[in-house]
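**Student:** Structure for this input, please:
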Amino acid sequence: MRPSPPALRLVALLAVLGAGCATAPDMTYPDLDPSAPDARDPADGARLSDADVAGRLADVRCIYVAEQHAVPAYHAVQRAVLERLARAGRSVVVGVEWLPASSREIVETWLAGDEPVEALAAALDWEHRWGHDFAAYAPIFAWARAHRVDVVPVNAERGLAREVARTPLAELSEETRAALPPLDTGNPRHRALFDAMMHAAMSGHGGHALPALVLDRYYMAQLVWDETMSRNVATLLTDPAHPDRAVVVFAGLGHIRFGLGVPQRVLALTGQPYAIVLPTPADALDAQAWTGATAYPDREADILWVVP
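**Tutor:** Numbering: from 1, shown residues only. As a prediction, this is how the structure comes out:
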């Protein structure tokens with residue numbers, strides 16, 4: 001049975017969750033100084049020195065930098081973190097939510113060549129595979145090629161999460177079920193955060209509260225992304241050919257905040273500690289809730305990197 005138009009609109013909200021919220025991005029790309037960030041401690045809002053920032057990133061092999069999709073200020077922080085790690089002499093690989101793992105060969109071919117970045121967008125069928133404005137992502141791909149840094153797609157195949165959102169698991173085709181990772185529903189903190197994000201997204205779009213059954217299906221769809229990315233990030237971390245390489249993961253806020261989406265799952269798979277960098281608009285600091293928390297999942301991040 002085909003979903004009704006309201007159901008289709010609800011499915012579209014899943015993309016909002018990955019980003020944190022829907023915004024009309026300002027395509028100005030800030031030039032952030034990686035050696036002197038305006039950084040704050042999420043526990044109490046205290047300013048972090050450059051040495052503090054370096055220290056919080058130095059002892060971890062897995063670093064997550066959250067984003068609102070296609071908002072250049074967030075992607076500027078991602079690039080600034082890469083630049084900081086490069087200046088520190090660290091070997092890095094970048095895992096990105098933006099593309100399914102099956103597109104890795106296309107990205108590798110472009111990184112090894114000399115075609116313009118627009119050619120990468122065309123080869124990937126970016127508009128269909130991701131859809132957000134490629135201009136916000138192009139500087140990261142260009143930086144990676146200039147610095148010979150691998151960019152590895154880690155997400156699920158396009159449409160898999162949407163299929164799970166629309167159809168009960170028991171009614172999925174055998175082929176679809178075979179493509180699913182194990183879906184761990186046993187984290188009540190993660191479910192509570194997901195429900196809160198969903199309710200906020202619905203309110204922001206003038207909608208009503210979702211029925212419990214629909215919310216359950218949407219949560220399973222969110223897990224498709226989180227579990228798939230977690231396993232692919234874990235593979236990068238445990239690659240015996242690169243035992244000391246830092247894995248830097250770029251994904252939406254909904255997959256990273258409080259460590260509850262991807263980070264804790266990767267930790268359970270690998271035992272590797274992690275750090276979270278959360279880009280934060282300067283005008284949002286006044287509304288920031290300082291919890292005093294020093295451990296996940298009560299702590300939202302390790303570093304708030306303030307953006308204009």
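**Student:** Which strands and helices lie in contact with the host helix or strand of Ala161?
**Tutor:** Ala161 is part of helix 160-166, with elements assigned from DSSP states H and E. In terms of contact count using 3 or more C-beta pairs under 8 Å, 6 or more residues apart in numbering; DSSP states H and E, helix 160-166 is assigned the packing partners helix 5-19, helix 174-179, helix 212-237. Quick note: C-beta positions are derived from backbone N, CA and C, even for glycine.
**Student:** for the longest one, what is the average pLDDT?
**Tutor:** To tie it back to what came earlier, the one meant is helix 212-237. Mean pLDDT, helix 212-237: 96.
**Student:** buried stuff in it?
**Tutor:** Neighbour-count burial for helix 212-237, with 16 or more other C-beta atoms under 10 Å as criterion, is recorded at 215, 217-237.
**Student:** Please enumerate the strands of the stretch 51-200 of the chain.
**Tutor:** Secondary structure of the stretch 51-200 of the chain (DSSP state E, counting those that start in this stretch): strands located at 62-67, 92-100, 150-155.
**Student:** deepest of those strands, which one?
**Tutor:** With neighbours defined by mean count of other C-beta atoms under 10 Å, none of these is more surrounded on average than strand 62-67, at a mean of 26.
**Student:** Tell me the strands beside that strand, with direction?
**Tutor:** As defined by DSSP bridges, the strand partners of strand 62-67 come to strand 246-252 (parallel), strand 274-281 (parallel).
**Student:** what residues does stretch 287-298 touch?
**Tutor:** The list of residues contacting stretch 287-298 from outside it, by C-beta atoms under 8 Å, 6 or more residues apart in numbering, reads 42-45, 189-190, 258-260, 263-264, 280, 299-300, 304.
**Student:** From Asp59, how far out is the closest residue to Ala144 other than its chain neighbours?
**Tutor:** Closest residue in space to Ala144, ignoring its immediate chain neighbours: Val151 at 4.9 Å, by C-beta to C-beta, 6 or more residues apart in numbering. Here Val151 is placed at a distance of 24 Å from Asp59 (C-beta to C-beta, to the nearest Å).
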